[in-house]
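**Q** Sharing a sequence plus its predicted fold:
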Amino acid sequence: MTAIPTFEPTLYHVKRGEQGTALDIAGFSLWYGPAARALHDVALAVEAGLVTALIGPSGCGKSTLLRSLNRMNDLIDGLRTEGRIRFQDQDIYHPDTDVIALRKRMGMVFQKPNPFPMSIFENVVYPLRIDGVRDKGRLAETAERALSGAALWDEVKDRLEDSALGLSGGQQQRLCIARAIAAEPDVLLMDEPCSALDPIATARIEELIDGLRGRYTIVMVTHNMQQAARVSDNTAFMYLGRLIEYGDTETVFTNPKRPRTTDYITGRFG
Amino acid sequence: MPGTHIVRSYDEQLRRLGDAITTMGGLAEAQLASAVTAVGSRDSVLAERVVAGDAAIDALEAEALHLATQVLALRQPVAVDLRLIVASFKLSSEIERIGDYARNIAKRALVLNQGEPLRAAQAVPRMGQLVARMLRDVLDAFVARDAARARDVWRRDEEVDALYNSVFRELLTYMMEDARSITPCTHLLFIAKNLERIGDHATNMAETVIYLIEGQMPGGERPKGDFTAAVEPPSAGGSGQ
């Protein structure tokens, strides 16, 4: 077996966090079928406690990469991977890995807010309910902590028993973030968390993401490049299933090192 | 240079901004050449024209500022596009200043032309040509996005400084020889200083062009050769600051 191409930090200009590396992706490739290769030898180290944005045109593999981190892709028939993703000294794709336990440590927020058809309170404590937690005090305490963490507490504290479906889109998305936080994950994966929201709701989420920095490792896929520029510490640019450039966001957006990055972020023909 | 934008009107806006800077630079170059000629050939009509011509440069600066602000507000430029906006702000204010110096030289030419011709006035055109070439080259470097040429201009400022040194000393000698020459020589000294300052501005422009192309300012100490403000003459390789 040949050596797996690992992440080589000197190739890039990555902002380093103070908490080390959260996710170490090395030589990672993914096929959706025999002839449908979606990722080509991606090597990338996600810094713990920082916000990492994945950008690139549609079909570049950024969502595939995001979904590979908590093995959301497992359900797809004919899926095959190569290489490894290491998360806290554990190989995510090792046969012995407990996928459910893994996903508990990696909260996920989707493009469209997906609150469950139940009360605001029950939505937030859902992760505890499925773990069998009954203690009312602990549930209430978690709900307040998670909703405060998601900057939603003040808006909903007087109507926790109301249906979550009555909230606005932006509030629903923050509720989903609260639900993700309630499980006390280490990593938050966000797949275009603001694409269905108006500018004000988007600004609230961005403010929230900024506040979560340091406490969680956040990996975010976004089509909105200004958003990547505003909220992320590091930006990874992907194209045709390959990692083209990965570095601190400021450099990527003022002085990218690869011509293809320039073409994409400035809106030129690639 | 990178390719064209998917949105064509964006390219058009950036092109107009680049054109405004280039036109402005071309005007400043012509103003400078005319001002220097007006000194050398004692041409007061030409000098008057330079004094009146500065307004056109100021108007172009306003246009460049307007275009750059517009792109900033409407396109959220990044990477090389953002650097063009930043460079435009800087280049236009440098060129505007060069235009002011050219007008000042022309004004002093008008005063000088009322007195007797001076021998020392001949060193000024030489300095003027040197500086005008720097300005032309840095504008060419901007148009062609040629960092090597900009870097060449950046290094050439030393020559201008050296020439200014010798003009400075020469004029001092004349003033000591003949007190009646103090007034015209002082004007010439200011003219030489203006040219030296234009050289500095062309050097700043070269730095900005390098920033535009490479994403960072050139490293290392800027080459300097003007030691007229130094208390001690420089030792070999020393700095004049």
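**A** Looks like it came in fine.
**Q** Please report phi then psi for whatever residue of chain B ends up closest to chain A.
**A** Nearest residue of chain B to chain A: residue B:215, at 3.1 Å (C-beta to the nearest C-beta). C-betas here are computed from N, CA, C, even on glycine. Main-chain torsions, residue B:215, degrees, to the nearest 10: phi 90, psi -10.
**Q** Could you report the neighbour count for it?
**A** 15 (other C-beta atoms under 10 Å in any protein chain shown).
**Q** for the one 5 residues further on, same thing?
**A** Counted with other C-beta under 10 Å, residues neighbouring residue B:220 total 5.
**Q** The residue of chain B closest to chain A and residue A:254 touch, don't they?
**A** Yes. Contact criterion C-beta atoms under 8 Å: residue B:215 and residue A:254 qualify, at 6.7 Å.
**Q** follow-up on the earlier one: name the nearest residue to the residue of chain B closest to chain A, sequence neighbours excluded.
**A** residue A:255 (3.1 Å; C-beta to C-beta, 6 or more residues apart in numbering or on different chains).
**Q** now residue A:62
**A** Nearest one to residue A:62, counting by C-beta to C-beta, 6+ apart, is residue A:54 at 4.0 Å.
**Q** Surely that neighbour is within a strand?
**A** Yes. Looking at residue A:54 with DSSP: H, G, I helix; E, B strand; the rest coil, it is inside a strand.
**Q** separation between it and residue A:208?
**A** Distance, residue A:54 to residue A:208, by C-beta to C-beta, to the nearest Å: 19 Å.
**Q** higher neighbour count, those two?
**A** When neighbours are counted by other C-beta under 10 Å, residue A:54 and residue A:208 differ, and residue A:54 comes out ahead with 28 against 19.
**Q** right, and that one touches residue A:68 too?
**A** No. Judged on C-beta under 8 Å, residue A:54 makes no contact with residue A:68 at a distance of 11.3 Å.
**Q** what's the overlap in contacts for the two?
**A** Counting by C-beta atoms under 8 Å, 6 or more residues apart in numbering or on different chains, no residue touches both residue A:54 and residue A:68.
**Q** Read off the pLDDT value for residue 19.
**A** Since no chain was named, I'll use chain A. Per-residue confidence (pLDDT) for residue A:19: 90.
**Q** my bad, the chain I had in mind was chain B
**A** Value for residue B:19, per-residue pLDDT: 96.
**Q** Point out the other elements, helices or strands, that the strand or helix carrying it touches.
**A** Assigned by DSSP states H and E, residue B:19 belongs to helix B:8-40. Helices and strands in packing contact with helix B:8-40 are listed as helix B:44-75, helix B:79-112, helix B:123-144, helix B:182-214; criterion 3 or more C-beta pairs under 8 Å, 6 or more residues apart in numbering or on different chains; DSSP states H and E.
**Q** mind exporting stretch B:172-191 as CSV, just the C-alpha atoms?
**A** Coordinates of each C-alpha in stretch B:172-191 appear next as CSV, following Å, rounded to 0.1, in the frame of the first residue of the first chain:
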residue,chain,number,x,y,z
LEU,B,172,24.4,76.9,-2.7
THR,B,173,27.7,77.9,-4.4
TYR,B,174,26.0,80.4,-6.7
MET,B,175,24.1,82.0,-3.9
MET,B,176,27.4,82.4,-1.9
GLU,B,177,29.1,83.8,-5.0
ASP,B,178,26.5,86.4,-5.7
ALA,B,179,23.8,87.5,-3.2
ARG,B,180,21.6,88.9,-6.1
SER,B,181,21.1,85.4,-7.3
ILE,B,182,19.5,84.3,-4.0
THR,B,183,15.9,84.9,-5.1
PRO,B,184,16.1,83.0,-8.5
CYS,B,185,18.3,80.3,-7.0
THR,B,186,15.8,79.7,-4.2
HIS,B,187,13.1,79.3,-6.8
LEU,B,188,15.3,76.8,-8.6
LEU,B,189,16.0,75.0,-5.4
PHE,B,190,12.2,74.7,-4.8
ILE,B,191,11.8,73.4,-8.4
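**Q** Please give the element, helix or strand, for the closest residue to chain B within the stretch 101-250 of chain A.
**A** Residue nearest to chain B within the stretch 101-250 of chain A: residue A:226 (5.6 Å; C-beta to the nearest C-beta). When elements are assigned from DSSP H and E, residue A:226 belongs to helix A:225-231.
**Q** before we move on, what about residue A:22?
**A** strand A:21-33.
**Q** State the next helix or strand along the chain beyond that strand.
**A** Scanning onward from strand A:21-33 (DSSP H and E), the first element met is strand A:36-47.
**Q** Find the residue ranges of chain B scoring beneath the pLDDT cut-off.
**A** B:1-2, B:120-121, B:232-241 (pLDDT under 70).
**Q** What residues does it have near chain A?
**A** Neighbours of chain A within chain B, by C-beta under 8 Å from any C-beta of the partner chain: B:2-7, B:10, B:76-83, B:215-216.
**Q** one more time with 10 Å, if that's ok
**A** Contact residues, chain B versus chain A (C-beta under 10 Å from any C-beta of the partner chain): B:2-7, B:10-11, B:14, B:75-83, B:86, B:211, B:214-216.
**Q** Quick one: buried ones out of these?
**A** Neighbour counting with 16 or more other C-beta atoms under 10 Å in any protein chain shown marks B:5, B:10-11, B:14, B:75, B:77-83, B:86, B:211 as buried within the residues of chain B next to chain A.
**Q** Please enumerate the strands of chain A.
**A** Using DSSP state E, the strands found in chain A span residues A:21-33, A:36-47, A:51-55, A:80-87, A:90-91, A:106-109, A:187-191, A:217-221, A:234-239, A:242-248.
**Q** Could you pull up phi and psi at residue B:152?
**A** phi -60, psi -40.
**Q** try the one 3 residues further on
**A** Listed backbone geometry of residue B:155 is phi -80, psi -20, with angles given as degrees, to the nearest 10.
**Q** which ones are touching it?
**A** Applying C-beta atoms under 10 Å, 6 or more residues apart in numbering or on different chains, we find residue B:155 in contact with B:203, B:206, B:218, B:222, B:223.
**Q** can you count the residues close to the second one?
**A** Applying other C-beta under 10 Å, we find 28 residues neighbouring residue B:206.
**Q** if I look at it, how far off is residue A:102?
**A** Applying C-beta to C-beta to residue B:206 and residue A:102 gives a distance of 55 Å.
**Q** go on, the last one?
**A** Going from residue B:223 to residue A:102 by C-beta to C-beta gives 59 Å.
**Q** and if you look at residue B:57?
**A** 65 Å.
**Q** Mind checking which of the two has more residues around it?
**A** For residue B:57 versus residue A:102, the count of surrounding residues by other C-beta under 10 Å is larger for residue B:57: 24 against 17.
**Q** nearest spatial neighbour of the more buried one, skipping sequence neighbours?
**A** Using C-beta to C-beta, 6+ apart, the closest residue to residue B:57 is residue B:99 (3.8 Å).
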